[in-house]
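Participant: need a 3D model of the following:
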Amino acid sequence: MKKGHKKRSIQGHLFDLLLVVIIGDTITFFFNPDISSFLRFLPWNSFYSLVIGGFLWKGNEALGGFIGKYIDSYKDPFRALRWNLIGMFVYSTLIIIIINYIWWVLLFGKPADYLLRQGLLIMIIEFVVTVLIASILFSVGFFQAWRESAVNEERLKSESLAYQYKALQNQVNPHFLFNSLNTLSSLVYKDQDQAVKFIKQLSEVYRYVLEHKNAEVVELSTELIFVKNYVFLQKIRHGNSLNVSFDFYHPVETKL
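Facilitator: The predicted structure is shown next:
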C-alpha cells in the first residue's frame, strides 16, 4: 500500500471511530438529558462508545472483507448480501453481549442478571443501531455490485453476439461465395449437369455452416462430408491443378 493511501486509510478509520463516539454519546444524552450528569460521565460514556462501536463497526467491516474473499459480490450479489447479513447478526449479537458483560459485570462489579434487567435495553438499542447502519451500508454495496453485475452481463452478451457474428462472417466467407458464383456462371454454359451438381454441393456447404455454427463438437462423419463437398467445389474451380486424397478409411462415401 502506498504511503498516501495508507495515510488516507488511517484517517478514514479515525473518522469512523470518532463518528461512533458521537453516535454513542448522542444516544446516551437522549435517554439521560440531564446535562450535569451527562458531562460527569462523558469520558466513561465516550470510552464505552468507542470500544463497542469500534468493535461493531470495524469488526463487521472486517467480516465483510473476509466473506468477500470467498463470495464475489459482483458475480453473486444476492448470496454475498445474504451471508453478510447473517454474519452481521451473529457477530454483532456476540460482541454486544461480550463487551457489555466485561463492562458491567467484570469492570463495574454488577451482578450477571443486570444485563437482563437494566442492561437489556442498552443492548437492544445497540443492536438496532448496528443493524440499521450495517443494513444501509450492505444495501448500498449490494446495489452497486448488482448494477455492476448487470452491466457486465450485458457487456458479455454483446461481446458474445459480436463474436458469433464475426465467426459467422468468417465461416460464410464472401470471397469464397464470390469465387463459387463465378465458377458456377462459367459452368452453366459448359456443363449444365455439372452446374446442377455444383449448386447442390454449394448448398450443402452453406447448410453445414449454418447448422453447426454454434456447435462445439461435430461428428467426424459429418465433418468429412463437409470437407469432401468443399473439395469438390474447389476441384471444379481449379481443375486438375488441385489434387486431394483422403488417406484413411472411413465409411463415408461422397463422390468428388
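
Participant: which helix or strand contains V209?
Facilitator: helix 192-211 (DSSP states H and E).

Participant: what about R155, distance to S149?
Facilitator: 11 Å (CB to CB, to the nearest Å). In this view, the C-beta of every residue, glycine as well, is placed from N, C-alpha and C.

Participant: neighbour count: those two, which is higher?
Facilitator: Under the criterion of other CB atoms under 10 Å, the comparison of R155 against S149 puts S149 first, with 17 against 10.

Participant: the more buried one contacts P77, correct?
Facilitator: Yes - the criterion here is CB atoms under 8 Å, and S149 meets it with P77 at 5.7 Å.

Participant: before we move on, the earlier item: what residues sit buried inside the helix or strand following the helix holding V209?
Facilitator: Using DSSP H and E, the helix or strand that follows helix 192-211 in sequence is helix 220-238. Using 16 or more other CB atoms under 10 Å as the test for burial, helix 220-238 gives 224-234, 236-237.

Participant: mean confidence score for helix 220-238?
Facilitator: Here helix 220-238 scores 78 as its mean pLDDT.

Participant: same for it, what does it pack against?
Facilitator: With contacts defined as 3 or more CB pairs under 8 Å, 6 or more residues apart in numbering; DSSP states H and E, helix 220-238 has these neighbours: helix 174-190, helix 192-211.

Participant: tell me the contacts of the most centrally placed residue in the chain?
Facilitator: With distances taken as CA atoms, centre = their mean, the chain has K75 as the residue nearest its mean C-alpha position (1.7 Å). Contact analysis of K75 by CB atoms under 8 Å, 6 or more residues apart in numbering lists S149.

Participant: so how far is L184 from the residue of the chain most remote from its centre?
Facilitator: In terms of distance from the mean C-alpha position of the chain, K190 ranks first, at 61.5 Å (CA atoms, centre = their mean). From K190 over to L184 the distance is 11 Å, taken as CB to CB.

Participant: S245 too?
Facilitator: Distance, S245 to L184, using CB to CB: 25 Å.

Participant: these two: who's more crowded?
Facilitator: Set S245 next to L184 and count neighbours by other CB under 10 Å: L184 wins out with 17 against 7.

Participant: good, wrapping up.
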